[in-house]
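>>> no sequence for this one, just the structure:
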């Protein structure tokens, strides 16, 4: 497509390109929030009146990357010692700086492809940051578990172990994504477009099933009846209380689980798809049908259950929910949109035997239709 003089870098406002890219393309992507933050950083540096030609200037490019590397932002954080809220200043990590540059480059490349821009040269990407090598030990995890008091955090930690999922996926997980009949959990909600960080469908382990049955309807992780957007504050307080390394974050549990499963002989070809990585053995089916056979991942689920029982033997706190549970059949009804059955007589989980009724009979009642 030919380009008129109005589409040359000298005449096209950078703000216009970034806004068009966001509204016409980024809003349809799962990572829309992250893209928006990155584009805002481009706008903050170059200004609202800058033309695209400014991005082609080598000096301005270098200044932009240096600015990203040195800007500071503040976050509110609770002081573990005093419990008071305060502000801390941080710089962007090397990977965050690199992603910000990548998103702006993608916007300009999109503009050229759409015929809005006659020419384009990407901003050179800065060096990648060093990989984070810290990984907690199993003993560290047990300390964290024993120091955890809040029920929402206990459920979150249990999900981290049994799904090896990313924290953001688990915070968004709902009861509708749990299929008790098929024994599976779909970490990607229906209608949500998959991103490069795939959210797979995995087997429902025996260890996580009682936690799911005890969780509220809708968003699984709630506090005072409302979905929880972040647990990082209470996580840090718990890590501090347990005397653990502050680098022990929810994301490091994936490293812990990968190492422990490998110790137990589980192949990386199975651990990868369980975590959402592309499965080389099932790439054709995944590409054409969007699924990986859940039965193929059952060896991973079995090893996770064995590890969970081992954690239970090491920990002081129980590894099963202390809340009362309904029967599996009725709990399943409560976890399906439009379910009408509710248990009138709950069941109580007893360690280590299993589930026993609080009375000799269990009655159920049907809600009026």
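Ah, there it is. Nothing here was measured: the structure is a model prediction, and the numbers come from that model.

>>> pull the number of nearby residues for residue 319.
When neighbours are counted by other CB atoms under 10 Å, residue 319 registers 21. The C-beta positions use only the backbone N, C-alpha and C, and glycine is treated the same way.

>>> isn't it up against residue 310?
No: if you go by CB atoms under 8 Å, residue 319 and residue 310 don't touch, sitting 9.8 Å apart.

>>> next, the contact list for residue 319, please.
145, 158, 207, 308-309, 311-312 (CB atoms under 8 Å, 6 or more residues apart in numbering).

>>> where exactly do the helices run in this structure?
Counting by DSSP state H, one finds helices in the chain at the ranges 14-24, 32-46, 58-70, 94-113, 138-147, 151-163, 167-171, 209-214, 232-241, 252-263, 268-275, 283-289, 298-314, 328-334.

>>> now tabulate the ones you listed in JSON lines and tack on mean pLDDT and distance to residue 186.
As requested, the helices of the chain are arranged in JSON lines below (pLDDT from 0 to 100; distance: least, CB to CB, whole Å):
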{"stretch": "helix 14-24", "mean pLDDT": "91", "distance to residue 186": "29"}
{"stretch": "helix 32-46", "mean pLDDT": "91", "distance to residue 186": "21"}
{"stretch": "helix 58-70", "mean pLDDT": "90", "distance to residue 186": "37"}
{"stretch": "helix 94-113", "mean pLDDT": "90", "distance to residue 186": "27"}
{"stretch": "helix 138-147", "mean pLDDT": "96", "distance to residue 186": "26"}
{"stretch": "helix 151-163", "mean pLDDT": "96", "distance to residue 186": "11"}
{"stretch": "helix 167-171", "mean pLDDT": "93", "distance to residue 186": "10"}
{"stretch": "helix 209-214", "mean pLDDT": "94", "distance to residue 186": "13"}
{"stretch": "helix 232-241", "mean pLDDT": "92", "distance to residue 186": "25"}
{"stretch": "helix 252-263", "mean pLDDT": "95", "distance to residue 186": "19"}
{"stretch": "helix 268-275", "mean pLDDT": "89", "distance to residue 186": "13"}
{"stretch": "helix 283-289", "mean pLDDT": "48", "distance to residue 186": "14"}
{"stretch": "helix 298-314", "mean pLDDT": "96", "distance to residue 186": "15"}
{"stretch": "helix 328-334", "mean pLDDT": "43", "distance to residue 186": "15"}
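
>>> just so I know, which of the ones you listed lies nearest residue 225?
Closest of the helices of the chain to residue 225 is helix 151-163, at 11.4 Å (criterion: CB to CB).

>>> run through who's touching the closest one.
In contact with helix 151-163 (CB under 8 Å, 6+ apart) are residues 144-145, 148, 165, 167, 169-171, 173, 185, 187, 202, 205, 207-208, 211, 215, 220-223, 228, 231, 234-235, 238, 250, 253-254, 257, 301, 304, 307-308, 311, 319, 321, 323.

>>> 6 Å - rerun?
148, 170, 205, 207-208, 211, 221, 223, 228, 231, 234, 253, 304 (CB atoms under 6 Å, 6 or more residues apart in numbering).

>>> tell me the spacing between residue 170 and residue 67.
According to CB to CB, to the nearest Å, residue 170 stands 35 Å off from residue 67.

>>> try residue 59
Distance from residue 59 to residue 67, by CB to CB: 12 Å.

>>> okay, the two: which has more neighbours?
residue 67 (13 against 7).

>>> so that one makes contact with residue 45?
Yes: using CB atoms under 6 Å, residue 67 is in contact with residue 45, at 5.4 Å.

>>> tell me the pLDDT at the closest residue to residue 140 other than its chain neighbours?
Nearest in space to residue 140, with sequence neighbours left out and distances taken as CB to CB, 6 or more residues apart in numbering, is residue 244 at 5.6 Å. Among the per-residue scores, residue 244 holds a pLDDT of 94.

>>> give me the number of residues near residue 244?
With other CB under 10 Å as criterion, residue 244 counts 17.

>>> can you list the helices of the chain in JSON lines and add distance to residue 177?
Shown next, in JSON lines, are those (distance: least, CB to CB, whole Å):
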{"stretch": "helix 14-24", "distance to residue 177": "29"}
{"stretch": "helix 32-46", "distance to residue 177": "21"}
{"stretch": "helix 58-70", "distance to residue 177": "37"}
{"stretch": "helix 94-113", "distance to residue 177": "28"}
{"stretch": "helix 138-147", "distance to residue 177": "24"}
{"stretch": "helix 151-163", "distance to residue 177": "11"}
{"stretch": "helix 167-171", "distance to residue 177": "10"}
{"stretch": "helix 209-214", "distance to residue 177": "10"}
{"stretch": "helix 232-241", "distance to residue 177": "23"}
{"stretch": "helix 252-263", "distance to residue 177": "19"}
{"stretch": "helix 268-275", "distance to residue 177": "16"}
{"stretch": "helix 283-289", "distance to residue 177": "19"}
{"stretch": "helix 298-314", "distance to residue 177": "16"}
{"stretch": "helix 328-334", "distance to residue 177": "13"}
